[in-house]
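# got a predicted model here, sequence first, then my questions.
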Amino acid sequence: MNLKDTFCSSPWISMRITNQGNLVFCRGAGSTTQTEYNISNTDIVDYFQNHMSEFRQKLLLGQTINQCHRCHQMDTHGKVSLRKKQLAKVGVVPQHFEKTLLSSPFADEFEYSLHSKGHTTLLPVDWQIDLGNYCNSACIFCTPYDSSKLAKELYDLGFIKQQPVKSWTSDTALVDKFIQVLESTPTLEYLHFIGGEPLINPAFKRILDRLHTIGKTESIVGFTTNLTVYNDDLISTLTKFRNVHIGVSIETLHTVNDYIRYPIDTRQAKIQLDRWIQTARQHNWSLQIRTTPTLFSINFLDELYEYAYQNNVVIEACNFIEEPAFMRPSVLPESYRLEAAQKLQKWINQYNNDSNSDVLNARDSKQVRSYLLQDAQSYVHYLKNESDETHRLPDLINYIKGLESNRNNVILDYLPEYENFLRSAGY
């Protein structure tokens, strides 16, 4: 790969703290990433400036970092990767990589790191903050690290031997330690909170209230909610910040969403979705629909895109689903994948005159519809070109049968058209 295909500015501006308090080098790193560096035993600034140096050095030398495979996969299928979004934040455009890299406001910082073995004197201004796995939902594609409700269920069913350790935000001293880093950062650009369900985690409002109290409200605050909670008091707090980016999670408007995002009632979720859209427009905030297409929802993705298109709302996924691997759309038999691809392509074709390639800014209201068409096309490419993974079907069957025995639901009640291949795999 060329430098333009691997380089990313993220380690100069961004980092992530996971639900268990692990410090990781990129806001796009997975929530289950395990490292020896934890907020409980590591100075955050020291980690960013010094321990992350190996990643910066590799990127500057044009080397491929294994943990960056999510973005490379998205680039392959034409989906706007976090890498491209982070490059845009520092003025680097992939189509004019060399010229814009040299003219970037961060050019001197890149040069300094190049001659300093990857070290930097900067502070992270773009945070992905995982508040913990405290959640009132147990989505079928989620992990124990991201949902306390699912963690208990999987433990009771024997799928996992132990539940994850307590979330770092359960320790107020660690929350205060983190807040102190935010307070000492001259300018914060973006703070994105996820869970669990952040709107029921007390640490979310604690952090925002503290920043507001000291007058540090220059950042954009983002969060992702599962459409089960709406808090007027929190809305009032959010209005104090420069801007707000709302992420709302829903997989499809089809009733199979009830099964996928158990125990959510999709009809009620739709009501909440409309309410959040209204709230965003009232305050001139940005709103994105966050979806994680799985083999159970991929065939109905066109319906969600149509809803988003008509409401001029972006659909944005951080990556193609990785875990659980047996939930990937690539686990579907080829004929089902092609059917889903054709259905989605048909939706794209009816608006083809609105399409525009390389739309990077999903929050530009004038480009939302072009972004939607571009994003939908990435799933068509994925369905047609991603490697076959039907060998994972037995693992899928074992998993859903276990959950169904506890939840008293049946996937074929929602997707009778899947009966033949599910039965042939042992369902």
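Structure received.

# how many neighbours does the closest residue to Gly91 other than its chain neighbours have?
Leaving aside its sequence neighbours, Gly91 sits nearest to Ser104 (C-beta to C-beta, 6 or more residues apart in numbering; 4.5 Å). To be clear about C-beta, it is placed using only N, CA and C from the backbone, and glycine gets the same treatment. Counted by other C-beta atoms under 10 Å, the residues lying close to Ser104 total 18.

# before we move on, what about Phe421?
Phe421 has 16 nearby residues by other C-beta under 10 Å.

# which residues does it contact?
Contact analysis of Phe421 by C-beta atoms under 8 Å, 6 or more residues apart in numbering lists Leu332, Pro333, Tyr336, Leu393.

# in terms of helices and strands, where is it?
Per DSSP states H and E: Phe421 is located in helix 419-424.

# what's the answer for Val244, then?
Element membership for Val244, per DSSP H and E: strand 243-249.

# does the nearest residue to Thr185 once chain neighbours are set aside sit in a helix or strand, and which one?
Distance criterion C-beta to C-beta, 6+ apart; nearest residue to Thr185, sequence neighbours excluded, is Leu123 at 4.8 Å. No secondary structure element spans Leu123, as it lies outside all helices and strands (assigned by DSSP H and E).

# report the separation between Leu123 and Leu188.
Using C-beta to C-beta, to the nearest Å, one gets 9 Å for the distance from Leu123 to Leu188.

# neighbour count winner among the two?
Comparing Leu123 with Leu188 by other C-beta under 10 Å, the one with more neighbours is Leu188, at 22 against 18.

# which parts of the stretch 51-200 of the chain are strands?
126-130, 190-194 (DSSP state E, counting those that start in this stretch).

# which residues touch the first one?
If you take C-beta under 8 Å, 6+ apart as the criterion, strand 126-130 is touched by 10, 13-19, 27-28, 31, 86, 89, 146, 178, 182, 188-196, 207.

# that one versus strand 190-194: what angle between them?
10 degrees (axes from the mean of the first three to the mean of the last three C-alpha atoms, to 10 degrees).

# partners of strand 126-130, with directions?
Sheet pairing of strand 126-130 (DSSP bridges) gives strand 14-17 (parallel), strand 190-194 (parallel).

# among those, which is the most enclosed?
Mean neighbour count (mean count of other C-beta atoms under 10 Å) peaks for strand 14-17 among the strands paired with strand 126-130, with a mean of 24.

# residues making contact with the following helix or strand past it?
Once strand 14-17 ends, the next helix or strand along the chain (criterion: DSSP H and E) is strand 23-24. Here strand 23-24 makes contact (C-beta under 8 Å, 6+ apart) with Met15, Arg16, Ile17, Thr18, Thr33, Thr35, Tyr37, Asn38, Ile39, Thr42, Ile44, Tyr47.

# now the strands of the stretch 51-200 of the chain in a markdown table, with mean pLDDT and distance to Asn311?
Compiled in a markdown table, the strands of the stretch 51-200 of the chain are given as follows (pLDDT from 0 to 100; distance: least, C-beta to C-beta, whole Å):
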| stretch | mean pLDDT | distance to Asn311 |
| --- | --- | --- |
| strand 126-130 | 96 | 26 |
| strand 190-194 | 97 | 22 |
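
# circling back to that earlier point, contacts only, for the residue nearest to Gly91.
With C-beta under 8 Å, 6+ apart, Ser104 has these contacts: Ser9, Val90, Gly91, Val92, Phe110.
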